[in-house]
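**Q** the amino acid sequence is not available; the structure is as follows:
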């Protein structure tokens, strides 16, 4: 167990060796970017099932009420790789996202209370577009690059007043910057290039409330609710020429969301789960003005895990978790033909115990498709790989 | 454990904010969600009818030419001064040689030059036609005629020489009388302009002093301490032509009202286009003519000492009958509010060294000939926040 911190640091160094690369999808040009709803690596293997998922070793990043089974201080670090091949019928392009995917840290405070803290992405804006054209006999290229997104630094408290019921709340400090660069470069070198940079800094506070009930020990039902909240924005326009700094302050109304899920546990077999999550994007507004064309987004996930033994002294192959899942989600926006933009993903996942189940390495691979070339004029093939390491020690517990 | 956790937090933060980018491509660009994605615009502005020209008095003492004569209403004369010297030898003769550089206008192959004493002090670094006292042209010392046809081919032989009167040489050969040495004025009544190399030129004027001591004859060569030409042009201001002249220093004002361009626009290119009247070019329209343009800093256009920003100069070259002056940075400073738009002043880049001139069509000409400002500018996209 003493080698566990060394393992964490080694994992970090390995992540650092993989240069973080941001490149995503043009869909992230909408609003404040694509909501970054990826739960833990364990959940990704289950098709993103997470709301009612209880685990004594894997930290649930979605529902704070689901932390109460964790009985040791635990730390989890996560990494995400995403490869996106998109096709608009005339051409194809490839982009890669590779970055640290946040961390969580949980400390049991007594028998019934858990405290957690973490940092993770909240939304992601990442698009790189290039157009070439001519204007009055002058050829030029125009590029639009949007990067950034919101992150959340959060604190969670979980309380289980009853043996088979718990509630939790997470306070989120949401912050981040989205920078959009518009550059116009003429082939004629006597022209001055345009370079307009729109930088928007944002921050806001909100909370997520959650519950878990277990009518029977084999079934957990969970729910989360996050009310809408305001995000303060400060936008700055920079041009290629000098101008007085001009900041525009504003407010975004981030929409309310909620989700419900259920997980059925089968001893020495594993679990199956499903859940529904929705966010009322039709309530999203910028400067108190609703944004046209947005509608409620939804996600349905189902997944199953095969885990034949949790006994740390059983055969190692029995302690490996095998996961499979499926998710279907609709995007907040419709396509150019007013059709829903959907994302369908299939997942496989594995959980490898270390040090007699004290630590775990989780891995998940997700393959999916977003959009439809025939109906939307754009499709994206997604391949995601998530890796996580988690481990724990007993803190604040008498050893004698 | 605590130390390791601290290390963990530091590394975590470094990862989260560390980014790099992929190459851009056009795939999926139809889905870029912006109500106002910016725009690229092209607009031609006509100059305001207040365009005009004026004469700025300037010196040409550092020109490589010494011009004299009259052509196309341009008149020139030249002044040369050799420093006083003090030789103990017996001077036999002193010969001044001038080397022909070029001819403006058509000659009749004969060139008559008169050399006069200068009776007033002058300095090449500030002498102008206006500051020159015509009464300071003293008595005529020499009149000589040269056959220009004999000067056509051999560069070295393209010189005109004359002996200085010995009484003048004696004055110059006495440093105690140096205050009497005002040099000489070169005049001609020819209706064309002949230019000699000046002291700054490649074949400067020379003063060869021949002397003897006992039976030894020697020659010493001296060069001018000061020389200059001064010129004037009697141009009557008209509303249909704008003059820009080297030497006589005619300059032109232009004003373009670009206030319709929004302050957030990026000026990608702003070109002034001027079209010259080839019939009024001096000496002819085939000679290249360089222009400079500066921002006027005064709304009053108080000539001739108008305020302008000399730290920023835009240049243009007349190609055949059209000149383009790139004033992109000026227009950007006007539209962004960095500078007030009081117009631009355009003048000959070689104003203090040459004698070329151009006449450009003014705002009274039709739109294809009048001064115009062609601007490409882009408007930024609107923020969605």
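**A** Perfect, thanks for sending it. The structure displayed is predicted, hence computed values, not measured ones. Numbers count the residues shown, from 1 in each chain, chains lettered A, B, ... in the order given.

**Q** now the helices for the chain?
**A** The chain I'm using is chain A. Under the criterion DSSP state H, chain A carries helices at the ranges A:4-17, A:41-45, A:316-319, A:373-376.

**Q** looking at chain B here, not the other one
**A** Taking DSSP H as the criterion, chain B carries its helices at B:2-16, B:166-172, B:328-335.

**Q** is residue A:53 in contact with residue A:59, as I believe?
**A** No - contact criterion C-beta atoms under 8 Å: residue A:53 and residue A:59 do not qualify, at 10.6 Å. Where C-beta positions appear, they are placed from N, C-alpha and C, glycine not excepted.

**Q** who has more neighbours out of those two?
**A** Under the criterion of other C-beta atoms under 10 Å in any protein chain shown, the comparison of residue A:53 against residue A:59 puts residue A:53 first, with 28 against 25.

**Q** and the more buried one, what does it touch?
**A** Contact criterion C-beta atoms under 8 Å, 6 or more residues apart in numbering or on different chains gives A:42, A:43, A:46, A:60, A:63, A:66, A:220, A:222, A:261, A:263, A:271, A:273 as the residues in contact with residue A:53.

**Q** next step: the residues you listed restricted to strands.
**A** Taking DSSP state E, the ones among these that sit in strands are A:220, A:222, A:261, A:263, A:271, A:273.

**Q** farthest-apart pair in these, please.
**A** The largest separation in those, counting by C-beta to C-beta, is between A:222 and A:271 at 13.0 Å.

**Q** name the residues contacting each of the two.
**A** Here residue A:222 and residue A:271 share the contacting residues A:53, A:263, scored by C-beta under 8 Å, 6+ apart.

**Q** compare these two (neighbour count), which wins?
**A** When residue A:222 and residue A:271 are compared on other C-beta under 10 Å, the one with more neighbours turns out to be residue A:222, at 28 against 24.

**Q** do you know how far that one is from residue A:49?
**A** Residue A:222 sits 10 Å away from residue A:49, taking C-beta to C-beta, to the nearest Å as the criterion.

**Q** what do you get for residue B:60?
**A** As judged by C-beta to C-beta, residue B:60 and residue A:49 stand 89 Å apart.

**Q** lowest confidence element among the helices and strands of chain B?
**A** Each helix and strand of chain B was given a mean pLDDT (mean pLDDT, DSSP states H and E); the minimum falls on helix B:2-16 at a mean of 47.

**Q** ok, what's across the strand from the residue in the stretch 101-250 of chain B positioned nearest to chain A?
**A** Closest approach between the stretch 101-250 of chain B and chain A, counting by C-beta to the nearest C-beta: residue B:244, at 22.2 Å. Beta bridges link residue B:244 to residue B:358 when assigned by DSSP bridges.

**Q** pLDDT score for it?
**A** For residue B:244, the model assigns a pLDDT of 91.

**Q** burial measure for it, as a count.
**A** Counted with other C-beta under 10 Å, the burial measure for residue B:244 works out to 27 neighbours.

**Q** correct me, but it touches residue B:53?
**A** Yes - taking contacts as C-beta under 8 Å, residue B:244 lies within contact range of residue B:53: 7.2 Å.

**Q** who touches both of those two?
**A** Residues touching both residue B:244 and residue B:53 (C-beta under 8 Å, 6+ apart) are B:250, B:251, B:252.

**Q** show me which of the residues you listed are buried.
**A** Among the shared contacts of residue B:244 and residue B:53, those scoring as buried are B:250, B:251, B:252 (criterion: 16 or more other C-beta atoms under 10 Å in any protein chain shown).
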